[in-house]
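[1] Structure for the following, please:
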Amino acid sequence: MSHTNPSAPAVGDSQDADVEHVDHIQDIKAAHRGPQIEAALSDEQRRLEARIRRKVDLRLIPILGILYSIAGLDRVNLSNARVAGMDEELGFNVGDRYSIALLVFFISYFIFELPSTLSLRWIGPRLLLNGLAFSWGVVMLGMGFAHDWRVIVACRFLIGVFEAGYLPCCLYLVSTWYQRYEVQQRMAMWYMINLFVSAFGNILAYAIILLDGKHGYAGWRWIFISVEGAFTIGFAFIGYLFVLPFPDQMLATGHKANFTQEELEVVLDRVERDRGDADPDKLTWCKVLRLCASWELWVYGFMFITCSAPIYAFAYFIQIILKTLGYSTAVVFLLCAPPYLLSMLTTYGVAWLADRTRLRMPWMVLGAAMTLTGLLLTAYHFDNGVRYFGVFLGVAGCNQNLPTIVAFQSNNVRSNSRRSVASGVQMLFASLGGIYASCTFMQAEYPTYRTGVWCAVGTQFLLIALVALMWWHFRRMNRRADEEGEVIQEDPTFRYTF
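    Have a look, this model is predicted:
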């Protein structure tokens, strides 16, 4: 299959001729897509595609996961540094200073998220993603030498600028390499690396804290100097060697990164068979504004806030919650790991089942039920063992919903321009989730944080309501497309998935 855009009609043709030409091209593309085409593939072709898919998995997923997990360490290690002495030395235990430090990160994150995502194709994944990682690594290194709480606040504002585009850019890049019902497992594998690092990041932080006094620096400073700073900067250089560009860019430029021409063509043919958008359409500001007016994209965003808010709540406050159970600092750091290890299993298990059943909505509702149950057990049960079990449920539920919600959006968005805008809009709500968690878990309510808990519970009921809304809307639109011939997202064969 050719991956060049069809030529336009000759100058002077009438508007009707233009319309007929576009319809003809859509009919041709539609003829090469659909379940019947997948079913007709030979065994040899299936084996070839499986081999290429595994090659993409190995080249694309680990490096993106490692770089994002390093960024994720910031969410864990700020609270680790607080427990390890930053509170007293910089005065973060005074008033709402800690909440302010959390909040400013998400303000800059919100402002720069969509511009970073829209610039990914122009700058290129390799340069943009690793340039962002290098930049936030330098800033985090500087946090280890701060002697005023306001310096930490300023640094976190800058980190928000640099981390803003990383998550949506990764999700956008991954979606261009795979078919719709392969995406969630890949996003889950990518996200599992972050969960693994989050699990052992607490233990690693405790080990680093034991460097307290080395070369005259407190243990909490070594967290930022060694892990957040030097480690991030080093991996940014490694990432530059391994991060893959978009498959169509590799084919067009001839820089194939150990892929053959045939392998890249197979990748693009698979995407074209699945959703018909292997050829990137031009992104213009008019198109961005038009796409931003689509209410569906904003629903995907509100869905994301329902998982990001509890994720941030647990990341920033899990040590504090466990500290209230009466454990020592060393035991608290050890107890932080098992809930994240469980969430690795549930995240991939749900992703496998969701791709296998070709359903996302039921698993999103399951994750919401687990999260709200876990939050309420942690906040209200009198037994410490049950409260700790609530942490397991809550962490697993909200983290397994992240790739599920992202895959749900990716499955129901067609064309590269719509995909880039949808990823940017959805990830705007990641920052709003952080702001929401930072503002509702108030220091004045320490150690119960009852307002924060109920606000997080409220997001889970919101998710269930949004799932019901989109189920009704998708069912109605698919029926109109089947019975009345209505075209969804400029493609007569495209159907929304549940």
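[2] pLDDT below threshold where in the stretch 1-150 of the chain?
    1-39, 74-76 (pLDDT under 70).
[3] Okay, helices next: where are they in it?
    15-31, 35-39, 43-81, 87-90, 97-118, 120-123, 125-143, 149-163 (DSSP state H, counting those that start in this stretch).
[4] mind checking which of those is nearest Gly301?
    Closest to Gly301 of the helices of the stretch 1-150 of the chain is helix 97-118 (CB to CB; 10.8 Å). Yep, even glycine has a C-beta here, placed from its N, CA and C like the rest.
[5] Check which residues of the closest one are buried.
    Buried residues in helix 97-118, defined by neighbour count with 16 or more other CB atoms under 10 Å: 97-110, 112-114, 116-118.
[6] now swap in stretch 149-161 and tell me
    In stretch 149-161, counting by 16+ other CB under 10 Å, buried: Trp149, Ile152, Val153, Ala154, Cys155, Arg156, Phe157, Leu158, Ile159, Gly160, Val161.
[7] What is the nearest of these to Tyr181?
    Nearest to Tyr181 among those: Gly160, at 33.8 Å, using CB to CB.
[8] Ignoring the adjacent residues along the chain, who's closest to that closest one?
    Counting by CB to CB, 6 or more residues apart in numbering, Gly160 lies nearest to Ser108, which is 3.4 Å off, once chain neighbours are set aside.
[9] how near is the one you found to Ile203?
    30 Å (CB to CB, to the nearest Å).
[10] And Val94, by the same measure?
    Val94 is 29 Å from Ile203, by CB to CB.
[11] next one: Ile435
    Applying CB to CB, the value for Ile435 to Ile203 is 29 Å.
[12] Tell me which of these two has more neighbours.
    Ranked by neighbour count (other CB atoms under 10 Å), Ile435 and Ile203 place Ile435 first, with 21 against 14.
[13] Check which helix or strand the more buried one maps to.
    helix 416-440 (DSSP states H and E).
[14] continuing past that helix, what's the next helix or strand?
    Next along from helix 416-440, by DSSP H and E: helix 450-484.
[15] Go through that following helix and flag the buried ones.
    Under 16+ other CB under 10 Å, the buried positions of helix 450-484 are 452-453, 455-457, 459-460, 462-464, 466-467, 470, 474, 477-478, 481.
[16] do the same with stretch 130-146
    Result for stretch 130-146 [16+ other CB under 10 Å]: buried residues 130, 132-137, 139-144, 146.
[17] starting at the chain centroid, how far to it?
    Averaging C-alpha positions (CA atoms, centre = their mean, to the nearest Å) puts stretch 130-146 21 Å from its chain's average.
[18] Dump that stretch to PDB, keeping only the CA atoms.
    In PDB, the C-alpha atoms belonging to stretch 130-146 read as follows (Å, rounded to 0.1, in the frame of the first residue of the first chain):
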ATOM      1  CA  ASN A 130      15.400  13.900  25.700                       C
ATOM      2  CA  GLY A 131      15.900  17.700  25.800                       C
ATOM      3  CA  LEU A 132      13.000  18.000  28.200                       C
ATOM      4  CA  ALA A 133      14.500  15.200  30.400                       C
ATOM      5  CA  PHE A 134      17.900  16.900  30.400                       C
ATOM      6  CA  SER A 135      16.400  20.200  31.400                       C
ATOM      7  CA  TRP A 136      14.300  18.900  34.300                       C
ATOM      8  CA  GLY A 137      17.400  16.900  35.500                       C
ATOM      9  CA  VAL A 138      19.500  20.000  35.700                       C
ATOM     10  CA  VAL A 139      16.800  21.900  37.700                       C
ATOM     11  CA  MET A 140      16.400  18.900  40.100                       C
ATOM     12  CA  LEU A 141      20.100  18.800  40.600                       C
ATOM     13  CA  GLY A 142      19.900  22.400  41.700                       C
ATOM     14  CA  MET A 143      17.100  21.600  44.200                       C
ATOM     15  CA  GLY A 144      19.700  19.700  46.200                       C
ATOM     16  CA  PHE A 145      21.600  22.900  46.900                       C
ATOM     17  CA  ALA A 146      18.600  25.000  47.900                       C
END
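[19] Show me what counts as buried in the helix or strand where Gly234 lies.
    In this assignment (DSSP H and E), Gly234 forms part of helix 232-242. Burial within helix 232-242, assessed by neighbour count using 16+ other CB under 10 Å, is assigned to Thr232, Ile233, Phe235, Ala236, Gly239, Tyr240, Phe242.
[20] Does Leu244 fall in a helix, a strand, or a coil region?
    coil (DSSP: H, G, I helix; E, B strand; the rest coil).
[21] Surely it touches Asn258?
    No - the pair Leu244 / Asn258 is not scored as a contact, 9.7 Å apart, by CB atoms under 8 Å.
[22] For Asp96, give me phi and psi.
    Backbone torsions for Asp96, taken as degrees, to the nearest 10, come to phi -110, psi 30.
[23] ok, so what distance separates it from Met442?
    7 Å.
[24] Equivalent analysis for Ile159, please.
    Applying CB to CB, the value for Ile159 to Met442 is 23 Å.
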